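Asks: A predicted structure for the sequence below; I have some questions about it.
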Amino acid sequence: MTENRKETEQPQQDEPRNYSFLQTIRAVAWGMLGVRKGKGHSEDFSRLNPLHLILAGLLATLVFVLVLIAAARWFIGYFTP
């Protein structure tokens, strides 16, 4: 009876898994640098979780702004006596 059930079950399709949050951050980082190829971009687009993408984008923007502020403060402090 178990053999009959196995024969009637349809094989599961190998659908691509969604990216984890860390993989989404990596995709956002590559996107900020602008070095993704077309194939990688379309694969990312089909596998990204929209909520992860929004959070990763906001986090990347925050880190970018903080790095700019730190660089500006260092630059100003370096050239002021």
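Replies: Looks like it came in fine. Residues are numbered from 1 along each chain as shown.
Asks: My guess is V28 contacts A56. True?
Replies: Yes - counting by CB atoms under 8 Å, V28 touches A56, with 4.4 Å between them. For the C-beta atoms, the positions are set from N, CA and C on the backbone; glycine is no exception.
Asks: Excluding sequence neighbours, find me the nearest residue to the residue nearest to the spatial centre of the chain.
Replies: The centroid of the chain falls nearest to T24 when counting by CA atoms, centre = their mean (1.8 Å). In this structure, T24 finds its nearest non-sequential neighbour in H52, 4.1 Å apart by CB to CB, 6 or more residues apart in numbering.
Asks: Centre of the chain to the helix or strand where the one you found lies, how far?
Replies: Using DSSP states H and E, H52 sits within helix 50-79. With CA atoms, centre = their mean, to the nearest Å as the basis, helix 50-79 stands 17 Å off its chain's centre.
Asks: Mind listing what's buried along that helix?
Replies: 52-53, 56 (16 or more other CB atoms under 10 Å).
Asks: Help me confirm that the residue nearest to T24 comes into contact with L22.
Replies: No - H52 sits out of contact with L22 when judged by CB under 8 Å, with a separation of 9.5 Å.
Asks: quick one, what contacts the closest residue to G57 other than its chain neighbours?
Replies: Counting by CB to CB, 6+ apart, V28 is the residue found nearest to G57 once chain neighbours are left out, at 5.8 Å. V28 sits next to 53, 56-57, 60 when contact means CB atoms under 8 Å, 6 or more residues apart in numbering.
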